[in-house]
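# sequence and computational prediction follow.
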Amino acid sequence: MNIRLDNLSVNFDDRFQMDDINWQLDDSQHWVITGANGSGKSALAAILAGAGNQLLGSIEGLPDKVGLVSFEAQAELIERERKKDDADIMDVISEGTPVHEILSENGRNPELIDKLVTMFKLEGLVNRSFRKLSTGESRKVMLIRALASEPDLLILDEPFDGLDAHTLEMLQHYLASLVETVPMVMVLNRFDEFPEFITHIAYVDHGRLQLQIERNDDKAYSELYQLLHLKTTNLEVPEADPDNRLPPLDPNQPLVRLNKINITYDGHKIIDSLDWTIERNQHWQLSGPNGSGKTGLLSLITGDHPQCYVNDIFVFGFQRGKGESIWQIKQFIGYVSTALQWEYKVGTGLRNVIISGFYDSIGLYTKATERQKKIADEWLALLGMNDRADEPFNKLSYGDQRLLLIARAMVKHPPLLILDEPCLGLDDMNRQLVLALIEKICAGSETSVLYVNHHPEDKIKGIDNYLALEKR
């Protein structure tokens, strides 16, 4: 078996769409598909079973005999049985199809069925109507049907859900006995349920196959674990320090209002008469090619641009040029950039890096309060780094450093968080980690996020406002 998906886009009755899928599976591999709820895990598995309407691309090598277990397939079988009631005439109520007939459909191996029925302890239920089974019992029937079909490919979507501990252990052992003869693709949310025989992991997000890693790649596996922690954890963005709150802003005023902004270098206009307003709790994506003025526009907001005072700029309650200091402006802004990461070359521990955000310092030179330590530890827990509080910052990977600096910028809950090309220089895995953290911040705080990048199509869930600059 060699299955190949090239640039594949598949639509599922306009309910969901998978796009740009490039994936290759062979009969020596056993895959887990994972990702957050609603990411497209089950849809990707269903494609291998022939589901969906192919829009673009190609898929080759799908085997004829596919054993499928999924909640959707289970629901379809239950619906099929329900329709038999609707077709009954003369007030005769059907008892429904007995379990033994459900199991033996399509010429499944009767000896294997008997063996599996015993293993799953369903001997007393084979004559019962399928639709009278409990959810867990009907799940076992679905598993037996798939296994008894002796498939060329076995697709198991959350096969362990709803099973008691004994059945779960038995099933894992049985699946392990098939690894030499049947390639498997499993959809799983929980890392602790990944069977030992899994060789590869596919990570799905927003209807795309974002990452593919080998199970024995310890570094990539650890990063994927952290990514899924960020995407699926119930932990919320930690609260601000009530003893260290920022001055209140007028709720009726925008955070930023730029009126007919111009930026000129050597007589050449980079930005010409731009109007832009950022309201409270609004998230923006700013994009554009090199030279389009993204950095200049940001520095007008932060107060670092020399042309601030020849433009009409209102920020955080201040009309620029009316006597305010730059520090009065900057206290309301959290800022992360590659340049900051280059400057932040300290060996202090991760907890102290986050606490330094309370003081806008590189390194920590003030004794932290117990409350600040607690808040920093909550951020570390959100990032999946709660056991690394004292690890030196300068020993972290590039991607983990970026995550810590975003937490540092957010720790005081600034009204505006500016992330200037936060994914620059990151590999695919670390890029996904950073984007997951940005999504978490957008969903779980009152901070407005200004996400800056080159690509307007590189969208983040929760960001609904877009400003695309063009090079003049």
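That came through, no problem.
# let me see the contact set for M1.
Residues in contact with M1 (C-beta atoms under 8 Å, 6 or more residues apart in numbering) are L25, D26, D27, G61, P63, D152, L153, P183. Any C-beta I mention is one placed from the backbone N, CA and C, and that applies to glycine too.
# let's see that with 7 Å instead.
Neighbour list for M1: D26, D27, G61, P63, D152, L153, P183 [criterion: C-beta atoms under 7 Å, 6 or more residues apart in numbering].
# who are the packing partners of the helix-or-strand element of the chain with minimal mean pLDDT?
Within the chain, no helix or strand scores below helix 71-86, which has a mean of 78 by mean pLDDT, DSSP states H and E. The contact analysis (3 or more C-beta pairs under 7 Å, 6 or more residues apart in numbering; DSSP states H and E) places helix 71-86 against helix 135-148.
# gap between the helix it packs on and the chain center?
30 Å (C-alpha atoms, centre = their mean, to the nearest Å).
# can you dump the C-alpha coordinates of that helix into PDB?
Provided in PDB are the C-alpha atoms of helix 135-148 (Å, rounded to 0.1, in the frame of the first residue of the first chain):
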ATOM      1  CA  THR A 135     -23.200   3.900  23.300                       C
ATOM      2  CA  GLY A 136     -20.200   1.900  24.600                       C
ATOM      3  CA  GLU A 137     -21.600  -1.400  23.400                       C
ATOM      4  CA  SER A 138     -22.400  -0.100  19.900                       C
ATOM      5  CA  ARG A 139     -18.800   1.300  19.800                       C
ATOM      6  CA  LYS A 140     -17.500  -2.200  20.500                       C
ATOM      7  CA  VAL A 141     -19.700  -3.500  17.600                       C
ATOM      8  CA  MET A 142     -18.200  -0.900  15.300                       C
ATOM      9  CA  LEU A 143     -14.700  -2.000  16.300                       C
ATOM     10  CA  ILE A 144     -15.400  -5.700  15.700                       C
ATOM     11  CA  ARG A 145     -16.900  -4.900  12.300                       C
ATOM     12  CA  ALA A 146     -13.800  -3.100  11.200                       C
ATOM     13  CA  LEU A 147     -11.300  -5.600  12.600                       C
ATOM     14  CA  ALA A 148     -13.300  -8.600  11.200                       C
END
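# which stretches in the stretch 201-350 of the chain count as helices?
For the stretch 201-350 of the chain, the helices defined by DSSP state H, counting those that start in this stretch occupy 218-232, 294-302, 326-330, 338-343, 350-355.
# got the ones you listed as a markdown table, with mean neighbour count columns?
What follows is the helices of the stretch 201-350 of the chain, written out as a markdown table (neighbours: other C-beta atoms under 10 Å):
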| stretch | mean neighbour count |
| --- | --- |
| helix 218-232 | 18 |
| helix 294-302 | 20 |
| helix 326-330 | 14 |
| helix 338-343 | 13 |
| helix 350-355 | 26 |
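# how about those helices in CSV, adding mean pLDDT?
Below are the helices of the stretch 201-350 of the chain laid out as CSV (pLDDT from 0 to 100):
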stretch, mean pLDDT
helix 218-232, 86
helix 294-302, 90
helix 326-330, 87
helix 338-343, 85
helix 350-355, 95
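# dump those into TSV; add distance to L171 as well.
As requested, the helices of the stretch 201-350 of the chain are exported to TSV (distance: least, C-beta to C-beta, whole Å):
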stretch	distance to L171
helix 218-232	23
helix 294-302	53
helix 326-330	57
helix 338-343	46
helix 350-355	40
